[in-house]
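Undergrad: Sequence and computational prediction follow.
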Amino acid sequence: MRIFLAIYVFVVIAAVSILGFRGTTSTKPPLEVFPDMDRQARYKPQAENEFFADGRNDRPVPAGTVARGNYFNQKEVFSADFEDKRLGDTVLLEGKNADGSFVKKLPLEVSYELIEQGRQKYDIFCGACHGAAGDGKGVVQPYMVGAVPANYHDDRLRSVEDGYMFDVISNGFNQMLGLKDRLSPEERWAIVLYMRALQKSQNPVAEAGI
Ligand code: HEC
């Protein structure tokens with residue numbers, strides 16, 4: 001018992017001395033067991049660089065080039081007769097009408113190719129969480145903390161507008177991530193179409209048309 005107590009006291013003192021003071025500030029460099037990538041050769045913005053004759057790290061934009069990505073000033077950036085008709089098309093790009101309400105039906109022509117594209121993208125981007133049938137039972141669902149992926153087969157999600165679905169895919173919903181940086185507007189609409197097919201597949205109505 002005495003030995004046990006001695007070991008116990010020793011372990012407590014060792015643990016406190018090693019771990020106990022980690023919250024205090026120190027001017028000494030921290031002990032780095034695994035330095036990882038904390039210290040690496042890199043160029044800092046606006047720093048000096050002897051490699052270049054002008055001694056600057058940041059390189060000026062080559063003459064005659066146009067910065068990409070400024071899509072809103074199209075005529076200035078491209079040419080006076082350039083016009084992308086989709087710019088400002090809130091229906092296609094945001095799933096919303098001009099008054100901000102959600103678009104009822106998807107603004108693309110429905111075709112087998114579109115639904116097939118939707119299936120492919122759905123399986124890649126949604127299926128892991130929402131399940132192949134859209135019932136919210138994807139492979140990662142048992143491991144998720146907090147909200148579980150939605151099951152599309154309830155009356156509320158059956159009756160929401162296509163534009164609402166498009167908005168959820170684009171901007172996310174609570175814990176769900178938005179995917180507009182990874183899927184083009186057409187691909188997002190294709191997924192909406194496929195989700196509608198999934199909903200119909202789990203809730204068939206005898207008289208319903210297509
Ligand atoms: C990382 C997991 C994950 C992925 C991937 C994912 N979702 Fe979700 N989704 C969720 C979770 C979690 C919720 C429920 C969020 C909540 O209720 O807080 C949700 C909710 C939803 C909802 C219900 C919104 C509502 O009004 O209740 C829809 C519709 C939806 N997702 C569609 C999609 C589509 C389509 C994709 C693929 C483009 C997708 N999700 C990808 C996790 C995911």
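TA: Arrived safely. Since the structure is predicted, the reported quantities are computational estimates derived from the model, not experimental observations. Residues are numbered from 1 along each chain as shown.
Undergrad: For the rest of this, base every contact and every neighbour count on C-alpha atoms.
TA: OK.
Undergrad: how about low-confidence regions in the chain?
TA: Filtered on pLDDT under 70, the chain yields the residue ranges 20-23, 66-71, 208-210.
Undergrad: Try it again at 90.
TA: Counting by pLDDT under 90, the chain contains low-confidence ranges at 1-4, 12-44, 60-88, 144-147, 203-210.
Undergrad: For it, which residues are neighbours of the ligand?
TA: 122, 125-126, 129, 147-150, 165, 168-169, 173-176 (Cα under 6 Å from any ligand atom).
Undergrad: one more time with 5 Å
TA: Phe125, Cys126, Cys129, Ala147, Val148, Pro149, Ala150, Asn174, Gln175, Met176 (Cα under 5 Å from any ligand atom).
Undergrad: In JSON lines, list those along with neighbour count.
TA: Formatted as JSON lines, the residues of the chain next to the ligand follow (neighbours: other Cα atoms under 10 Å):
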{"residue": "Phe125", "neighbour count": "16"}
{"residue": "Cys126", "neighbour count": "20"}
{"residue": "Cys129", "neighbour count": "22"}
{"residue": "Ala147", "neighbour count": "10"}
{"residue": "Val148", "neighbour count": "18"}
{"residue": "Pro149", "neighbour count": "21"}
{"residue": "Ala150", "neighbour count": "16"}
{"residue": "Asn174", "neighbour count": "9"}
{"residue": "Gln175", "neighbour count": "11"}
{"residue": "Met176", "neighbour count": "15"}
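Undergrad: mind putting those residues in JSON lines, secondary structure included?
TA: Shown next, in JSON lines, are the residues of the chain next to the ligand (DSSP: H, G, I helix; E, B strand; the rest coil):
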{"residue": "Phe125", "secondary structure": "helix"}
{"residue": "Cys126", "secondary structure": "coil"}
{"residue": "Cys129", "secondary structure": "helix"}
{"residue": "Ala147", "secondary structure": "coil"}
{"residue": "Val148", "secondary structure": "coil"}
{"residue": "Pro149", "secondary structure": "coil"}
{"residue": "Ala150", "secondary structure": "coil"}
{"residue": "Asn174", "secondary structure": "coil"}
{"residue": "Gln175", "secondary structure": "coil"}
{"residue": "Met176", "secondary structure": "strand"}
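Undergrad: closest to Val140 among the residues you listed?
TA: Checking those against Val140 by Cα to Cα gives Cys129 as the nearest, at 5.7 Å.
Undergrad: Quick check: the farthest pair among the residues of the chain next to the ligand?
TA: The widest separation within these (Cα to Cα) is 17.9 Å, between Phe125 and Ala147.
Undergrad: Tell me if Pro35 really is in a strand.
TA: No: Pro35 is assigned coil when assessed by three-state DSSP, not a strand.
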